[in-house]
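S.K.: this one's structure only:
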């Protein structure tokens, strides 16, 4: 069954990989998930013009390629360029304040986490041997999620996907 969802193959997130990813989108595609990665200053503006995302999901702000930037702030400023014209922005963490500060004023957001100023609040989280049980609150609704992995990157990806669905 073709449901009209496309995703970047492998880690096609570079200056060469993104155009290859975009070429794979079929006319019947309703949702394309395109990964954008940078390794040098100046790269994100090119990717942003190609992808033109409507919904931006800010994932883990790691140390990969950090040596090519003068500071974490410079790397964050470069990454934020992807989100400047998004209608929606999803993510968590302190980097979201900066991401939202450079976005359009009318941007809608779904920020998740344990803080007070989030749209999706994690109420409880229990990590077991091979899974997580997470209770979340969105508006006046609560839900319990059983996530079949414990590593932080997979948890973050899952929560970003939940926020996208919301």
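M.R.: Okay, I see it. These figures come from a predicted structure and were not determined experimentally.

S.K.: Low-confidence bits of this protein, can you list those?
M.R.: Within the chain, the segments meeting pLDDT under 70 span 1-2, 64-65.

S.K.: switch to 90 and redo it
M.R.: Along the chain, segments meeting pLDDT under 90 span 1-3, 10-11, 59-68, 72, 93-95, 116.

S.K.: which helix is the longest one in it?
M.R.: helix 152-165 (DSSP state H).

S.K.: so what does that helix touch, helix or strand wise?
M.R.: strand 55-57, strand 88-91, strand 108-113, strand 120-127, strand 132-138, strand 141-147 (3 or more C-beta pairs under 8 Å, 6 or more residues apart in numbering; DSSP states H and E). In short, each C-beta sits where N, CA and C put it, glycine included.

S.K.: which residues does the residue most central in space within the chain contact?
M.R.: Nearest to the geometric centre of the chain sits residue 57, at 2.3 Å (C-alpha atoms, centre = their mean). Residue 57 sits next to 89-91, 160, 163-164 when contact means C-beta atoms under 8 Å, 6 or more residues apart in numbering.

S.K.: what's the closest of those to residue 145?
M.R.: For those, the minimum distance to residue 145 (C-beta to C-beta) is 11.8 Å, reached by residue 163.

S.K.: Kindly tell me how buried the closest one is, as a neighbour count.
M.R.: 23 (other C-beta atoms under 10 Å).

S.K.: Leaving out sequence neighbours, find the closest residue to residue 112.
M.R.: With sequence-adjacent residues excluded and distances taken as C-beta to C-beta, 6 or more residues apart in numbering, residue 112 is closest to residue 120, at 3.9 Å.

S.K.: residues near that neighbour, how many?
M.R.: Residue 120: 19 neighbours (other C-beta under 10 Å).

S.K.: what sits opposite it in the beta ladder?
M.R.: residue 112, residue 138 (DSSP bridges).
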